[in-house]
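S.K.: what follows is a predicted protein model with its sequence.
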Amino acid sequence: QVQLVESGGGLVQAGGSLRLSCVASGRTFRDAAMAWFRQAPGKEREFVAAISWTGVSLKYDDSVKGRFTISRDNAKNTVYLQMNSLKPEDTAIYYCAQGNTRVILGDTNYNDWGQGTQVTVSS
């Protein structure tokens with residue numbers, strides 16, 4: 001059973017930064033692509049960023065390119081999302097997800113999800 005626990009959310013002013021962390025249990029973390037998704041109030045969940053099992057391949061939604069950086073530490077079973085130049089439209093609950101493949105594929109390839117962490121950006 002995979003468990004994912006996110007942390008690092010909070011309230012920040014526009015232009016500020018936050019770093020989200022997601023710690024995974026289980027032996028499968030090192031062989032799995034990982035991703036961050038987010039869901040704003042009244043909107044559907046959307047993809048933010050993904051990283052392959054080795055950390056070599058990265059993928060970002062256009063809305064966060066140049067501002068967000070995804071990374072991972074396989075020794076710590078942890079994936080990170082560094083968020084800079086935050087905007088009010090980044091306000092959402094951010095979810096960590098573990099993929100069922102090593103490489104980055106589509107959004108449907110993520111089977112395990114964390115409980116989410118709230119990020120609120122004030123203007």
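M.R.: On my side now, so go ahead.

S.K.: which stretches of this structure have low pLDDT?
M.R.: Within the chain, not a single segment meets pLDDT under 70.

S.K.: that one: strands as residue ranges?
M.R.: Applying DSSP state E to the chain gives strands spanning 4-7, 10-13, 18-24, 34-39, 46-51, 58-60, 68-73, 78-83, 92-99, 110-113, 117-122.

S.K.: in TSV: the ones you listed, plus mean neighbour count.
M.R.: The C-beta positions use only the backbone N, C-alpha and C, and glycine is treated the same way. TSV is the format used below for the strands of the chain (neighbours: other Cβ atoms under 10 Å):
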stretch	mean neighbour count
strand 4-7	18
strand 10-13	13
strand 18-24	20
strand 34-39	23
strand 46-51	22
strand 58-60	16
strand 68-73	18
strand 78-83	22
strand 92-99	23
strand 110-113	17
strand 117-122	17
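
S.K.: report the separation between G16 and N84.
M.R.: Remark: distance between G16 and N84 (Cβ to Cβ, to the nearest Å) = 8 Å.

S.K.: try V56
M.R.: V56 sits 22 Å away from N84, going by Cβ to Cβ.

S.K.: between the two, who's got more neighbours?
M.R.: More neighbours surround N84 than the other of V56 and N84, with 14 against 8 (other Cβ atoms under 10 Å).

S.K.: that one and D90 touch, don't they?
M.R.: No - counting by Cβ atoms under 8 Å, D90 is not a contact partner of N84; they are 10.5 Å apart.

S.K.: roughly how far apart are the residue minimising distance to the centre of the chain and Q82?
M.R.: The chain has W36 as the residue nearest its centroid, 2.3 Å off, counting by Cα atoms, centre = their mean. Distance, W36 to Q82, by Cβ to Cβ: 11 Å.

S.K.: again with T28
M.R.: From T28 to Q82 the distance is 24 Å (Cβ to Cβ).

S.K.: ok, A49 next?
M.R.: When distance is defined by Cβ to Cβ, A49 is 10 Å away from Q82.

S.K.: report the set of residues contacting both of those two.
M.R.: 68-70 (Cβ atoms under 8 Å, 6 or more residues apart in numbering).
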